[in-house]
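Peer 1: Dropping the sequence and predicted coords here.
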Amino acid sequence: MDVSYILDPLNDAQREAVAAPPGPVLVLAGAGSGKTRVLTHRVSWLVEAHGVSPLSVLAVTFTNKAAQEMRGRIEGMLGYSLRGMWMGTFHGVAHRLLRAHHRDAGLEEGFQILDSADQHRIVRRVLRDMGLDEGYWAPKQVQWYLNAHKEDGRRAQHLGEPSDTQQRQLLGIYKNYEDLCRRFSLVDFAELLLRAFELLQHNEPLREQYQRKLQHVLVDEFQDTNAIQYELIKLLGQKFRQVFIVGDDDQSIYGWRGARVENILQFEKDFAGAQVFRLEQNYRSTANILNAANAVIDINRGRLGKKLWTEGGDGESVKLYNAYNEFDEARFVVARIQSWVDRGNPRGDTAILYRSNAQSRVFEEILLDTGIPYRVYGGLRFFERAEIKDALAYLRLAARRRDDPSFERIVNVPARGIGNKTLEQVREHARINRLSLWDAARTLIESRELSSRAVSALSGFLELIDDIDTRIDKLPLAEQVDTAIRIGGLPDHYKKEKGEKAEARLENLEELVTAARQFGPRDEEEDLEPLTAFLTHAALEAGEGQAEAWEDCVQLMSLHSAKGLEFPMVFLTGMEEGLFPHQRSLQEPGRLEEERRLCYVGMTRAMQQLYLSHAEIRRWHGRENYPSPSRFLGEVPGEFLEEVRGSGFSLGVNRRRRAVPEAGAGGGLRLGDHVRHASFGSGTVLNLEGRGEHARVQVKFDDVGSKWLVLGYANLDRV
DNA sequence: AACACCGCGTTTTTT
DNA sequence: ACGCGGTGTT
């Protein structure tokens, strides 16, 4: 087979990686270096040059979008459909395994997937059942605790018997949560992965079967894998060791949700003899942008080390704008966008990036005033909207009466006289007799323990669900959805709500029917009943935020959502201490480095023009703040940076320049250094400021907390 | 059952 | 500041 069409478009490093002999391969791919390209070409190359069947390839990504894109690109290259190929998200792949072997995995056939909102409900129920105070045991915290353990592969039974009361109680919550989920075959996101892992770990024939079947394993964004995801990869890949992973330690920005960059290092140990390739040629940004970004990321320690370069020209310098306040900042950004557009460029070429979503508001205001179309990423997505979840709950309950989360959700939506009191009785009855809410309701109705009003309301609801179930049997999917929505009474319910919101909700309900009509199951969903497949799809893929933006518009998004994207003109806004790096990341040294990587990710989104901005005054959480410019600004060498003035509309009042922090401050100490102080003991450097005599350093001491010290007097020893 | 009020949290996000 | 969820009132 002539594979030149696969290898020719690649540069040397890419080609070496793509054509590496099958075996463990680690590709360290810098921003804009053609990471996806290497992955897609590798799959094509395996197929064309080695005669590997696409069906024996497993390719894993983190988002559905990335999976779809990869599939599309490979199909384009090979010229045929990859139906049946194992390509998808970690969760999608785990789900496919569990559906196929639900019995071995100890799950009912129709097991339900809990999204984090469902999980939240279940946690609250567990807390209530245990008589614990929700104020003290914040359900969010409990969720975090549960997921963190599961993502590290720890079940309640592995946690032993903690001596600490609080830990003991948390463990109790974990046990009850697991128990509830097991009884009703509910599976949260972390559970999908853990369950799939355990399935393969404990079931040797099955493990062998899949190791043999999926002989080639490829992983995208490897720096974002958590412990259990990596274990899963190891389990599948250890037999043939044909594992090809692509990642960038400098773009690891999800440590806070359990991602482990160390997995990259671990990979070289677990798969000894792995070939390592570095992709450092960047095809995206100008040299100025790249050099600026390189200088920033270079400050982090413990990097695997990569330096991006480009064959392109210097381009314009990176621009720095000192805004008076957040409105001035927004006006400046919008004016620059306006003139970009006036020069005949698309609005969609520009992106406004920020650390936290709340910052979008001011930009939206100014864009609205100026009449420039924009799109904000983030926020509630389609399948997460209340009305959609309500509609799906009717379908879920009709399909499976034991679905407690759905029962809770819609039992009184629209209001049908089933109040809290009745519900409490149902819950209590369910808890004591270990029944589903549905069965508890049914037996309670028969037991005459309820008021006649409650009985009629409750049995009305049960009949309603039964009715939906009978009616939708044998209907095409879209009609099933439509029928459930109508019989459930959701349109009338939402019509009563006033304002634009109601209209939007009704439109969304219609949109759901349309979505059902157009729904074609993915590979892993195709053996299921259409309705089950659709419900699964809704749980595993939350859909886009706003409807696809057909209009050419300015893109507003958080730095995290910008990862993987590129724009000719990028504004990195709100570069202030406390905001970016975020206050909450200043407590731990590791977190600060992650913020810096986030900064690096943001900067490397820019192709031609990069603007950095900060404000002297910023209203934040209702209070006026006077933040110092972000330390990251000081980390960009002056030679690449050019300060620009506003376009005449800035207020100019009280304008006092604040010096951007100097890089190289702190007399030789570096962030994260371990130091020792004569009386405070040992600690870690969190922060550096100033230089020479006056340099100050913030140290987090192991025993006495964090303190600011003047370097000239403190007498710190580096350990 | 509908509405008002109070208090809390408020980084980032996918599945 | 602001929005959400929970509680209390009519």
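Peer 2: Thanks, I have it. Numbering: from 1, shown residues only, chains lettered A, B, ... in the order given.
Peer 1: ok, the residue of the stretch 401-550 of chain A found nearest DNA strand B to A:Glu507 distance?
Peer 2: Going by CB to the nearest atom of the strand, DNA strand B is nearest to A:Ala415 of the stretch 401-550 of chain A, at 3.3 Å. Yep, even glycine has a C-beta here, placed from its N, CA and C like the rest. Going from A:Ala415 to A:Glu507 by CB to CB, to the nearest Å gives 22 Å.
Peer 1: do A:Asp224 as well
Peer 2: In terms of CB to CB, A:Asp224 sits 35 Å off from A:Glu507.
Peer 1: When those two are compared, which one has more neighbours?
Peer 2: Regarding A:Asp224 and A:Glu507, a neighbour count based on other CB atoms under 10 Å identifies A:Asp224 as having more, with 25 against 12.
Peer 1: Next one: that one from DNA strand C, what distance?
Peer 2: Taking CB to the nearest atom of the strand, to the nearest Å as the measure, A:Asp224 falls 28 Å from DNA strand C.
Peer 1: My guess is that residue contacts A:Ala259. True?
Peer 2: Yes. With contact defined as CB atoms under 8 Å, A:Asp224 counts as touching A:Ala259 (4.5 Å).
Peer 1: shared neighbours, these two?
Peer 2: Both A:Asp224 and A:Ala259 are contacted by A:Ser252, under the criterion CB atoms under 8 Å, 6 or more residues apart in numbering.
Peer 1: For the stretch 301-450 of chain A, just list every one of the strands.
Peer 2: A:318-325, A:350-354, A:374-376 (DSSP state E, counting those that start in this stretch).
Peer 1: So which of the ones you listed is the most surrounded?
Peer 2: strand A:350-354 (a mean of 26; mean count of other CB atoms under 10 Å).
Peer 1: That strand near DNA strand B anywhere?
Peer 2: No. Judged by CB under 7 Å from any atom of the strand, strand A:350-354 and DNA strand B are separated, with a smallest distance of 8.2 Å.
Peer 1: quick one: average confidence on that strand?
Peer 2: Strand A:350-354 shows an average pLDDT of 96 in the prediction.
Peer 1: now it: how far from the chain's centre is it?
Peer 2: Offset of strand A:350-354 from its chain centre (CA atoms, centre = their mean, to the nearest Å): 18 Å.
Peer 1: Quick one: list the elements packing against it.
Peer 2: helix A:326-342, helix A:360-370, strand A:554-558, helix A:559-562, strand A:567-572 (3 or more CB pairs under 8 Å, 6 or more residues apart in numbering; DSSP states H and E).
Peer 1: Is there proximity between the last one and DNA strand B?
Peer 2: It refers to strand A:567-572. No. No part of strand A:567-572 sits near DNA strand B under the criterion CB under 7 Å from any atom of the strand; the closest distance found is 14.0 Å.
Peer 1: List the buried residues for the following helix or strand past that strand?
Peer 2: As assigned by DSSP states H and E, the chain's next helix or strand after strand A:567-572 is helix A:589-603. By 16 or more other CB atoms under 10 Å, the buried positions in helix A:589-603 come out as A:589, A:591-603.
Peer 1: do the same with stretch A:73-89
Peer 2: Neighbour-count burial for stretch A:73-89 [16+ other CB under 10 Å]: A:73-75, A:77-78, A:82, A:85-89.
Peer 1: who in the stretch 1-150 of chain A is up against DNA strand C?
Peer 2: For the stretch 1-150 of chain A, the contact set with DNA strand C under CB under 7 Å from any atom of the strand comprises A:Arg124.
Peer 1: For the stretch 1-150 of chain A, which segments count as helices?
Peer 2: Applying DSSP state H, counting those that start in this stretch to the stretch 1-150 of chain A gives helices spanning A:4-7, A:12-18, A:35-50, A:64-78, A:90-100, A:116-129, A:139-151.
Peer 1: which helices and strands sit right next to the second one?
Peer 2: The reference is to helix A:12-18. Judged by 3+ CB pairs under 8 Å, 6+ apart, helix A:12-18 is in contact with helix A:4-7, helix A:35-50, strand A:275-279.
Peer 1: which residues sit against that helix?
Peer 2: Against helix A:12-18 from outside (CB under 8 Å, 6+ apart): A:6-7, A:10, A:25, A:27, A:34, A:37-38, A:41-42, A:45, A:277-281.
Peer 1: residues near the residue in the stretch 301-450 of chain A positioned nearest to DNA strand C, how many?
Peer 2: Relative to DNA strand C, the nearest point of the stretch 301-450 of chain A is A:Arg361 (7.6 Å; CB to the nearest atom of the strand). Look at A:Arg361: counted by other CB under 10 Å, it has 13 neighbours.
Peer 1: Filter the buried residues of stretch A:73-89 to keep only those in contact with DNA strand B.
Peer 2: Among the buried residues of stretch A:73-89, the residues that sit close to DNA strand B (CB under 7 Å from any atom of the strand) are A:Thr89.
Peer 1: From the buried residues of stretch A:73-89, pick the one nearest DNA strand C.
Peer 2: Comparing the buried residues of stretch A:73-89 against DNA strand C with CB to the nearest atom of the strand places A:Thr89 closest, at 26.0 Å.
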